[in-house]
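**Q** Prediction below, plus the sequence it came from.
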Amino acid sequence: MARPLVADIDLDALRHNYRLARELAPQSQALAVIKADAYGHGAVACARALESLPADQCPPAFAVACLEEAELLRQGGVVAPIVLLEGIFEAAELARVEALDLWVAVHSEWQVNALLAYRPAKPIPVWLKVDSGMHRLGFTPEAATEAWECLAQRPDSVTAVQLMSHFATADAVDAAYFRQQLACMRELAQRLGAPLCLANSPATLPGPSRMDLGAAGGGCSTAAIPWKLPVM
């Protein structure tokens, strides 16, 4: 028989840590990543706690991995925008994306084609994921340019297209690869005139570079920010 386990979550500490993440990158907005049940801290409770902050301190949006995680947040009363970081897994999910008023990431050609074939009542906000060097998900910078141009031609289906990527080595001592990824994304965003969501929690520590959005996730609850308060 499994032993009962209880995790005590300090939501005041979570709010403190989120505000700290914002202060580390004051020129950017701080997206709150709460995938995997907010890294085991309870996604709905964490989202509601952050939504309770004053309007000028609230996250501009939350981010989760998949549709099921977004559905739980909406069922729990979360009203802020929600980004699906892994996008859709089949075209049929777009109906739920529209019904739940979600933002969706695209990282492969079939997802772009599915969006362009779909006819929503209002355009769906899209984040175009670029593989700038982590080699996990995303378009190459060259393919991203083509995908961006395809999406930009369909304002009836998609809107607010922005670029996103993920740092592979932001917390490494040698920052050379980090700077290489950053330069790649800056050049692409400038060339396309696109908003850019780029930083993860470790990337805020050495001194954040200019971007429109950053992603604060594990850093709000784990040891990514050494002087934060423990949440669990």
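**A** In hand now; what should we look at? Because the structure is predicted, anything quoted here is derived from the model rather than measured.
**Q** mind checking which helix or strand the closest residue to Cys184 other than its chain neighbours is in?
**A** Residue nearest to Cys184 in three dimensions, not counting chain neighbours: Ser132, with 4.7 Å by Cβ to Cβ, 6 or more residues apart in numbering. (C-beta placed from N, C-alpha, C; glycine too.) Under the criterion DSSP states H and E, no helix or strand holds Ser132.
**Q** now swap in the one 3 residues further on and tell me
**A** Taking DSSP H and E as the definition, His135 sits outside all helices and strands.
**Q** Please report phi then psi for it.
**A** Backbone torsions of His135, given as degrees, to the nearest 10, read phi 60, psi 50.
**Q** show me the contacts for the residue nearest the centre of the chain.
**A** Central residue of the chain (Cα atoms, centre = their mean): Ala63, 4.6 Å from the mean position. With contact set as Cβ atoms under 8 Å, 6 or more residues apart in numbering, Ala63 has these partners: Leu31, Ala32, Val33, Ile34, Lys35, Ile82, Val83, Leu84, Leu85, Ala215, Gly217.
**Q** Show me these that map onto helices.
**A** Lys35 (DSSP state H).
**Q** Nearest to Cys46 among the contacts of Ala63?
**A** Taking Cβ to Cβ as the measure, Cys46 lies nearest Ile34 of those, at 5.5 Å.
**Q** What about the closest one, how many residues nearby?
**A** Number of residues near Ile34 (other Cβ atoms under 10 Å) recorded here: 29.
**Q** Do a quick rundown of the strands in this structure.
**A** Taking DSSP state E as the criterion, the chain carries its strands at 29-33, 62-64, 82-84, 103-106, 124-129, 158-164, 196-199, 213-216.
**Q** in the first one, what's buried?
**A** Burial within strand 29-33, assessed by neighbour count using 16 or more other Cβ atoms under 10 Å, is assigned to Ala30, Leu31, Ala32, Val33.
**Q** Just the angle for that strand relative to strand 158-164, thanks.
**A** If you take axes from the mean of the first three to the mean of the last three Cα atoms, to 10 degrees, strand 29-33 sits at 90 degrees to strand 158-164.
**Q** In the sheet, which strands lie alongside strand 29-33, parallel or antiparallel?
**A** strand 62-64 (parallel), strand 213-216 (parallel) (DSSP bridges).
**Q** now do the longest one
**A** For strand 158-164, the paired strands and their directions (DSSP bridges) are strand 124-129 (parallel), strand 196-199 (parallel).
**Q** Now mean neighbour count and distance to Ser52 too, for the ones you listed, in TSV please.
**A** What follows is these, written out as TSV (neighbours: other Cβ atoms under 10 Å; distance: least, Cβ to Cβ, whole Å):
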stretch	mean neighbour count	distance to Ser52
strand 124-129	22	24
strand 196-199	26	24
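**Q** Of all these, which one is nearest Asp10?
**A** Comparing those by Cβ to Cβ, strand 196-199 comes nearest, at 24.6 Å.
**Q** Let's see that closest one as PDB, backbone CA atoms only.
**A** Taking C-alpha atoms only, strand 196-199 is exported to PDB below (Å, rounded to 0.1, in the frame of the first residue of the first chain):
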ATOM      1  CA  LEU A 196      10.200  37.400 -29.600                       C
ATOM      2  CA  CYS A 197       9.800  35.100 -26.600                       C
ATOM      3  CA  LEU A 198      13.100  33.700 -25.700                       C
ATOM      4  CA  ALA A 199      14.400  33.500 -22.100                       C
END
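**Q** and which of the contacts of Ala63 is nearest to Thr159?
**A** Nearest to Thr159 among these is Val83, at 13.8 Å by Cβ to Cβ.
**Q** Could you report the neighbour count for that closest one?
**A** Neighbourhood size, Val83 [other Cβ under 10 Å]: 25.
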